[in-house]
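1. A predicted structure for the sequence below; I have some questions about it.
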Amino acid sequence: MEATIQDRIRGCAVGAAVGDALGMPLEFGPRQPADRLVRDMKPGRLPSGTLTDDTEMALALAESLLECQPLDPSDLSSRFLEWFRLGPHDVGIHTRDVLTRIELGQPWQRAVEAVQRQKPELAGNGSAMRCWPVALVHWDDLAWLVTDSRQQSRVTHGHPECEAACGFINAMIYHLLRGTAPALAVDRALLLVDMPEALRATIQAAPTRQREQLKNSGWVRHTVESAVWGLLTTQSFEEAVVQVVNLGDDTDSAGAVVGALAGATYGLGAVPERWQQAVRGEWPVRSGTYWRLADLVELADRLAAL
Ligand SMILES: [Mg+2]
């Protein structure tokens, strides 16, 4: 593997975790004033630099992929349930509803269908925020990359926009890892991934939006919009992530997605040293063991080596 691709693969994993941790203290808050953007890790509900459910679920997905390829939805569902039972600090509402049903004995497919039936229009970002490990494991196989990106969504989020968003994000990562310019990576991913027309239109318009127009809610359409906007309207890893985590509301999830994209674009070497050193996460949750930079780098290497 050539060095630049390896650095980008590592950048994708570390970038997602860094974006999550940087967004953590700003989650559900207001949009920050443009002249006072937060640029450093800060404590929130968790200590400074701590990653949240976005990265934790990605780690569960990564560990499932290291055991099972192609992706085995039953194995993944079991790992999400195991994580849920350990008592993570954050669990998204939709994910909590699904995992609670599974904990009570429903097969995962029935649980996902039942939750979606209650709120048919609901298309949260809970599967998009964690999808990047599929892009690393299939970094050299685009067909499996798209198939497994959608499949990992269906384990909790079966809405067509959720599935399509995961396929799109990871197809972008595929092209970015090869040095494709971000705007071209968007075009190629849009050509490759079938998606509802409204999601496609939102993605195409994203780079023309003003920051005041971006809602950045937990709706997957908003998260993808923010992430594409952040990547296409900036020139560095730091600026892409800073712009997105300062949009308010679902800052950590949008931060994780833009972090994965920007990390795949600029590589680990472009992730600010102060953020690399600060990022930490208890994994498994409540275990007393903390993951840091080296663990994320090692995971990225293991995923991509398969
Ligand atoms: Mg979170």
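-> Structure received. Numbers count the residues shown, from 1 in each chain.
2. when you work out contacts or count neighbours from here on, use the C-alpha atoms and nothing else.
-> Noted.
3. so how many other residues sit close to the closest residue to the ion within the stretch 101-250 of the chain?
-> Proximity to the ion, evaluated over the stretch 101-250 of the chain using CA to the ion, is greatest for Asp250 at 8.0 Å. As a burial measure, Asp250 scores 26 neighbours (other CA atoms under 10 Å).
4. and for the one 4 residues further on?
-> Neighbours of Ala254 under the rule other CA under 10 Å: 38.
5. pick out the residue nearest the middle of this structure.
-> Met129 (2.8 Å; CA atoms, centre = their mean).
6. spell out which parts of the protein neighbour the ion.
-> Taking CA under 5 Å from the ion as the contact definition, the chain meets the ion at 52-54.
7. kindly tell me how buried His89 is, as a neighbour count.
-> As a burial measure, His89 scores 12 neighbours (other CA under 10 Å).
8. just checking, it touches Leu51?
-> No - the pair His89 and Leu51 does not pass the contact test of CA atoms under 8 Å, sitting 10.3 Å apart.
9. give me the helices and strands touching the helix or strand hosting Ala165, please.
-> Assigned by DSSP states H and E, Ala165 belongs to helix 160-177. Here helix 160-177 touches helix 3-23, helix 132-137, helix 142-154, helix 182-192, helix 220-232, helix 251-266, going by 3 or more CA pairs under 8 Å, 6 or more residues apart in numbering; DSSP states H and E.
10. could you dump those helices to TSV with mean pLDDT?
-> Converted to TSV, the helices and strands packed on helix 160-177 look like this (pLDDT from 0 to 100):
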stretch	mean pLDDT
helix 3-23	95
helix 132-137	98
helix 142-154	98
helix 182-192	98
helix 220-232	98
helix 251-266	98
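11. among these, which is the most enclosed?
-> helix 251-266 (a mean of 34; mean count of other CA atoms under 10 Å).
12. can I get that one in PDB, CA atoms only?
-> The C-alpha coordinates for helix 251-266 follow below in PDB (Å, rounded to 0.1, in the frame of the first residue of the first chain):
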ATOM      1  CA  THR A 251     -22.400  18.800  16.200                       C
ATOM      2  CA  ASP A 252     -20.700  15.500  17.100                       C
ATOM      3  CA  SER A 253     -22.400  13.400  14.500                       C
ATOM      4  CA  ALA A 254     -21.800  15.900  11.700                       C
ATOM      5  CA  GLY A 255     -18.300  16.400  13.100                       C
ATOM      6  CA  ALA A 256     -17.700  12.600  12.900                       C
ATOM      7  CA  VAL A 257     -18.900  12.500   9.200                       C
ATOM      8  CA  VAL A 258     -16.900  15.500   8.100                       C
ATOM      9  CA  GLY A 259     -13.900  14.300  10.100                       C
ATOM     10  CA  ALA A 260     -14.000  11.000   8.200                       C
ATOM     11  CA  LEU A 261     -14.300  12.700   4.900                       C
ATOM     12  CA  ALA A 262     -11.600  15.400   5.600                       C
ATOM     13  CA  GLY A 263      -9.300  12.800   7.100                       C
ATOM     14  CA  ALA A 264      -9.600  10.700   3.900                       C
ATOM     15  CA  THR A 265      -8.900  13.900   1.900                       C
ATOM     16  CA  TYR A 266      -5.900  15.300   3.800                       C
END
